[in-house]
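> Whatever this is, show me its structure:
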Amino acid sequence: MSGLPLRQRLNALYTGQGRKAKRFRYGLIGFDLCSIAFIVATMPMEPHPWILAADVAIGAVILADVLARLWITPDWRRALWRPTMVIDLIVVFSLLLAPLFAQNLGFLRILRSFRLFQSYRVLRDLRQETAFFRRNEDVIVSIINLVTFIFLVTALVFTLQYKDNPAIASYGDALYFTVTTLTTTGYGDITLTGEGGRLLSVAIMVVGVALFLRLAQTVFRPPKIRHACQSCGLGRHDADAVHCKHCGTVLKIETEGAG
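Numbering: from 1, shown residues only. Purely as a prediction, here's the structure:
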């Protein structure tokens, strides 16, 4: 691979099936997970110099990854408008501009939280690499959806209410309010202030509760097996299904046998 042009070497790393390519992609997965964890952990912190330096470093790596993926893509103009690419560019913008807006990171916190959506790219890559993720795809996707939504709403609550609302004195307070609202517990000890806060509360209750209950139901209900029925095409069935629930056709779902 060392004798190939740089573009071909990058394409081999991003799309190849060799050991080196897989190690490279696992490294990207590890970086995505670490950057997501760092952003979530430092979101409520004051912009210390080491945090700003880490923001710029993460932004530079993401930018290099974006440019490399665009370079090896035949139609880079179309790839530029893919949701994951747009999210990466938004996050790069928020991270690289952090030193310029060190005293007013409110909107940058919200933009950084979009990095959570990269968990879907992590999931996609792991699905290709491991059988465990393929077997538990529905539950894992639902958990990622649930966690992503909770942290995005928490970031929004924290950014809009911190320092203006005495009840939201920390990121933990914002997370507490978000979870109690989504689960309809609503103790009432923390409320959002101002017209914007009340509108945000309404949005969380109207949109969030329905989504939260749906995602939680998906996580805790029995997993489904992906198997297309030969008669009606229904693609999801109970793990122990013998007949298709839609048309009654006998199913022949492959199993691993008795343990």
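> give me the number of residues near the closest residue to residue 165 other than its chain neighbours?
Using C-beta to C-beta, 6 or more residues apart in numbering and skipping the chain neighbours, the partner closest in space to residue 165 is residue 193 (4.8 Å). Every residue, glycine included, has its C-beta placed from N, CA and C. Look at residue 193: counted by other C-beta atoms under 10 Å, it has 14 neighbours.
> again with residue 229
20.
> Just list the residues touching it, thanks.
235, 237, 244, 246, 247, 249, 251 (C-beta atoms under 8 Å, 6 or more residues apart in numbering).
> ok so, going back, what does the pLDDT read for the residue nearest to residue 165?
Note on residue 193: pLDDT of 84.
> and it, how far is that from residue 62?
35 Å (C-beta to C-beta, to the nearest Å).
> again with residue 85
As judged by C-beta to C-beta, residue 85 and residue 62 stand 11 Å apart.
> the more surrounded of these two?
Legend: neighbour count by other C-beta under 10 Å for residue 85 and residue 62, higher for residue 62 (22 against 17).
> Please give me every residue in contact with the closest residue to the more buried one other than its chain neighbours.
Distance criterion C-beta to C-beta, 6+ apart; nearest residue to residue 62, sequence neighbours excluded, is residue 92 at 5.2 Å. For residue 92, the contacting residues are 59, 62, 63, 66, by C-beta under 8 Å, 6+ apart.
> Output these as CSV; include the columns distance to residue 162.
Formatted as CSV, the contacts of residue 92 follow (distance: C-beta to C-beta, whole Å):
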residue, distance to residue 162
59, 23
62, 26
63, 29
66, 30
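> Check which residues of stretch 182-190 are buried.
Neighbour counts over stretch 182-190 (16 or more other C-beta atoms under 10 Å) mark 182, 190 as buried.
> now swap in stretch 152-171 and tell me
Residues of stretch 152-171 classed as buried by neighbour count (16+ other C-beta under 10 Å): 152-162, 165, 168, 171.
> measure it end to end?
Stretch 152-171 has an end-to-end distance of 12 Å (C-alpha to C-alpha, to the nearest Å).
> quick one: average confidence on it?
Stretch 152-171 comes out at a mean pLDDT of 82.
> Likewise for stretch 36-50?
Average pLDDT, stretch 36-50: 77.
> Just the C-alpha atoms of that stretch, please, in PDB.
Provided in PDB are the C-alpha atoms of stretch 36-50 (Å, rounded to 0.1, in the frame of the first residue of the first chain):
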ATOM      1  CA  ILE A  36     -18.500  12.300  22.200                       C
ATOM      2  CA  ALA A  37     -17.700  11.500  25.900                       C
ATOM      3  CA  PHE A  38     -15.400  14.500  26.100                       C
ATOM      4  CA  ILE A  39     -18.000  16.900  24.700                       C
ATOM      5  CA  VAL A  40     -20.700  15.600  27.100                       C
ATOM      6  CA  ALA A  41     -18.300  15.700  30.100                       C
ATOM      7  CA  THR A  42     -17.000  19.300  29.400                       C
ATOM      8  CA  MET A  43     -20.300  20.800  28.200                       C
ATOM      9  CA  PRO A  44     -21.200  22.200  31.600                       C
ATOM     10  CA  MET A  45     -17.600  23.300  32.500                       C
ATOM     11  CA  GLU A  46     -16.200  26.800  32.200                       C
ATOM     12  CA  PRO A  47     -13.900  27.300  29.100                       C
ATOM     13  CA  HIS A  48     -10.500  26.600  30.700                       C
ATOM     14  CA  PRO A  49      -7.500  26.800  28.300                       C
ATOM     15  CA  TRP A  50      -7.000  23.100  28.300                       C
END
